[in-house]
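need coordinates for the below:
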Amino acid sequence: MDLDTKGCAYTWVNNRSGEEAVKERIDRAVCTMGWRLTYPEAEVYALPAIGSDHCPLLLTTEVKQNRRKKRFTFESFWLQDDECHRVVSDIWSHPIVQVNVTDYATHRIDAWLADISQQIGNVPDFETIAALLWQIWKARNHVIFRHQFTKPDQLVDSALALAHLHITVQNPHLQQQLKRGNKSPNPNTPWLPPMQGTIKVNIDGAFPIAENLGAISSVIRDHKGNLLGGFTNSVPATSALATEIQAFLYTLKDLLQQGKHHFDLIIETDCLIMVEAINHERLPPWECRALLSKCEAILPSFSNVKVQHCRRSTNALADWAAKAHGRGSLSANWASSPPPFLLDLICNEALLAGCTLFPT
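Below is the predicted model of the structure:
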């Protein structure tokens, strides 16, 4: 999870003036849910930049003393803002959340949570509800202080990732594995890392995102679960299969352009028809034979590449990236600067697979 930074609004400048001046917040501090629970008072400050184009970040875990208890206040202007009402409504009515929020008076958040927990149906767990409330509060702060608006889909994605990561870290079996230093992959995990020295690429396609238009994604990781690169794109397509094949074709071209065609590669997809057609285990549908011919023309350029099928749950990262691109909620630089949900999903899959992302 991302630790909110106080102090300077921007952490990097390009030291230019006028229209060429660029200011960005590219430096940040992240932590796990377990670390945050251990240091609830921790704060991060962006200090003024001296002799550098980056602001130094100061992390403090000291508990502040003599803090006055603040009186609870509610900003009533929220109720008059139609956009705020729409965003909050879209979050709680999201297909994955489906919490019925009605206009009734309540004076305590715990009473509201108790009422939600008694609702009959597919009610989210407490971790998910708490994460949603936290993301709504952060979005409110971004609007007021930074004038940045976040789409409801992104807020829900980030909340689900935060809740899932918290549940995963609290799993006693995972904690025992981490204490023992067990790094052997579990065959029941969502994503299996490749052997050391091999690169795994997960690809997926989403169709349709518009009329005759699909979205494709490619995610590259190593044996430790580190994100090495990836891309998303919109492609013309007439079927789901054509979209999946174009994800494979664009991935081959991207790997060639990066000079990774001499590496040991595994390309995974949850499209069984495409895998069988590429491996000559079945005849491809006639409408996709032209696209497959382009793929087969490029494959001889690779030294050692294996194309294999995987479960949809194993392909969750590429699936989310393709759908997020189709919704227009994924930034162009997501591979170099992953959004919180994507970063949490990468760490979550790596931990479940027994990988060690960070040295200990």
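
C-alpha from now on. contacts and neighbour counts both.
Fine.

can you show me the strands along this structure?
Counting by DSSP state E, residue ranges of the strands within the chain are 2-3, 5-7, 12-13, 23-24, 29-30, 43-46, 57-60, 198-210, 213-221, 227-236, 264-269, 304-309.

any chance of the ones you listed in TSV, with mean pLDDT and mean neighbour count too?
What follows is the strands of the chain, written out as TSV (pLDDT from 0 to 100; neighbours: other C-alpha atoms under 10 Å):
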stretch	mean pLDDT	mean neighbour count
strand 2-3	78	15
strand 5-7	83	15
strand 12-13	86	18
strand 23-24	84	13
strand 29-30	86	14
strand 43-46	88	18
strand 57-60	88	15
strand 198-210	92	24
strand 213-221	96	25
strand 227-236	94	19
strand 264-269	97	22
strand 304-309	96	16
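
which one of the ones you listed lies nearest to Asp157?
The minimum distance between Asp157 and the strands of the chain falls on strand 2-3, with 14.2 Å, by C-alpha to C-alpha.

chain center to the closest one, what's the gap?
Centroid separation for strand 2-3 versus its chain: 14 Å, with C-alpha atoms, centre = their mean, to the nearest Å.

for it, give me every contacting residue.
28-31, 43-44, 340 (C-alpha atoms under 8 Å, 6 or more residues apart in numbering).

who does that strand pair up with?
When pairing is defined by DSSP bridges, strand 2-3 lines up against strand 29-30 (antiparallel).

before we move on, back to that, distance to Ala242 added to the strands of the chain, as TSV?
Written out in TSV, the entries for those read as follows (distance: least, C-alpha to C-alpha, whole Å):
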stretch	distance to Ala242
strand 2-3	38
strand 5-7	44
strand 12-13	42
strand 23-24	39
strand 29-30	39
strand 43-46	47
strand 57-60	47
strand 198-210	9
strand 213-221	9
strand 227-236	9
strand 264-269	13
strand 304-309	17
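
how about these, which one is nearest Gln148?
Between Gln148 and the strands of the chain, the shortest separation by C-alpha to C-alpha is 13.1 Å, and it involves strand 23-24.

that closest one packs against which elements?
strand 12-13 (3 or more C-alpha pairs under 8 Å, 6 or more residues apart in numbering; DSSP states H and E).

tell me what the strand it packs on is packed against?
Secondary-structure packing of strand 12-13 (3+ C-alpha pairs under 8 Å, 6+ apart): strand 23-24.

direction included, what does the strand it packs on pair up with?
Strands that pair with strand 23-24, judged by DSSP bridges, come out as strand 12-13 (antiparallel).

which residues touch the strand it pairs with?
Surrounding strand 12-13, the residues in contact under the criterion C-alpha under 8 Å, 6+ apart are 21-27, 53-55.

let's see it at 7 Å
Under the contact criterion C-alpha atoms under 7 Å, 6 or more residues apart in numbering, strand 12-13 has outside partners 22-26, 53-55.

list buried members of the residues you listed by neighbour count.
Under a neighbour-count criterion of 16 or more other C-alpha atoms under 10 Å, the subset of these counted as buried comprises 54-55.
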